[in-house]
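Asker: Any chance you could fold what I've pasted below:
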Amino acid sequence: MLFSTPTRAALISVGSNTLLVLAKAAVALLSGSAALMSEALHSGLDLLASLMAWISLRFSSHPPDWQHPYGHGKWENISAFLEGLLIVAVALGVFYQAVPRILQPVPVTLVPLGLAVLAASSGINLLVSWALKRAAVRFDSVALEADAAHLATDVYTSVGAMAGLLAYQLTGNALFDTAAALGVGLIILGIGLKVTYGAFHGLLDTRLPDLEEAEVRQMVHEVEPILELKELRSRKAGPVRYLNLTLVVCRWESLDQIHRVCDQLEAKIRARFPGAMIFIHPEPCLVKPTNGDPSSCTCPLQMNISFPVKGE
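Answerer: Sure thing, here's the model as predicted:
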């Protein structure tokens, strides 16, 4: 399969973007179209983003080692953050090129060829972005998801550039071409800010979404004998989720029994979140028997009752 692995999916994106950059840049230089040149810059950005995604996926797939015991998943977050900054830079470049043309319009040539290139680009990017999005969901890849988003927006910006060129062809007014370029620049800027913001949260070890943490809490409540989930801390690096759980267990249970409970809970969580790194710290319950006699313990586990206990 073409998209059988994350790195292969990213490499296919690199190939398609290379062809599109060459075609758009050549026609933009020949025609003098600001809208088409902004599209060539956008596709160049997509190519760079695809290359970064491919490189980051190759590094992030390496298993944990002595120097990196938590793996290399943050390569994907770093890649996405740098992609966001590059997107913002390209948007500023589009503005720098297009704004002077408001006062000094530049005639555009080879409009039919430019329209044909943009139409072909839209179709190719639509197919590749759809396939990348499916691969991103299947492999839970931040890098592939960002790459798919870039290509999907390239479809919309290509349509905007086509509208500008078509309006110029019908009216002869070069301001339509310039306005299309500015519109494309605004879309690129919005994408860059969104990608940068999301990647920055990943680098700061932001906790998992509330829905995912709620699923973990429900799994804990379904495992017996556990009295209480005292603390849950979570984060995500690339596709790997990290969970730190502090559990309250009966102080009179054997270490072997507590270990089996923890293994059972880890298996349930990994069945829902494959590849998750789980760290469980069990703590004894606060209910103490009188005179240190286990037979007088009122702990709900000893009484075969299951509900959370909060002692003093």
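
Asker: going forward, measure contacts and count neighbours with C-alpha atoms only.
Answerer: Will do.

Asker: so how far is stretch 159-171 from its chain's centroid?
Answerer: Its chain's C-alpha centre and that of stretch 159-171 lie 34 Å apart, by CA atoms, centre = their mean, to the nearest Å.

Asker: Let me fix that, I meant to ask about stretch 139-146.
Answerer: 5 Å.

Asker: now swap in stretch 260-269 and tell me
Answerer: Remark: stretch 260-269 is offset 28 Å from the chain centroid, using CA atoms, centre = their mean.

Asker: Report the buried residues of it.
Answerer: Buried residues in stretch 260-269, counting neighbours by 16 or more other CA atoms under 10 Å, are found at 261, 262, 265, 266, 268, 269.

Asker: Now do the strands in this protein.
Answerer: 228-237, 240-249, 277-284 (DSSP state E).

Asker: Please convert these to TSV, extending it with distance to residue 179.
Answerer: Formatted as TSV, the strands of the chain follow (distance: least, CA to CA, whole Å):
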stretch	distance to residue 179
strand 228-237	40
strand 240-249	43
strand 277-284	50
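
Asker: so can I have CSV of those strands showing mean neighbour count and mean pLDDT?
Answerer: Below are the strands of the chain laid out as CSV (neighbours: other CA atoms under 10 Å; pLDDT from 0 to 100):
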stretch, mean neighbour count, mean pLDDT
strand 228-237, 17, 88
strand 240-249, 20, 90
strand 277-284, 15, 90
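
Asker: Of all these, which one is nearest residue 89?
Answerer: In terms of CA to CA, the element of these nearest to residue 89 is strand 228-237, at 25.6 Å.

Asker: rewinding a little: for the buried residues of stretch 260-269, which one is nearest residue 101?
Answerer: residue 269 (57.6 Å).

Asker: where does the closest one land on pLDDT?
Answerer: Residue 269 carries a pLDDT value of 93.
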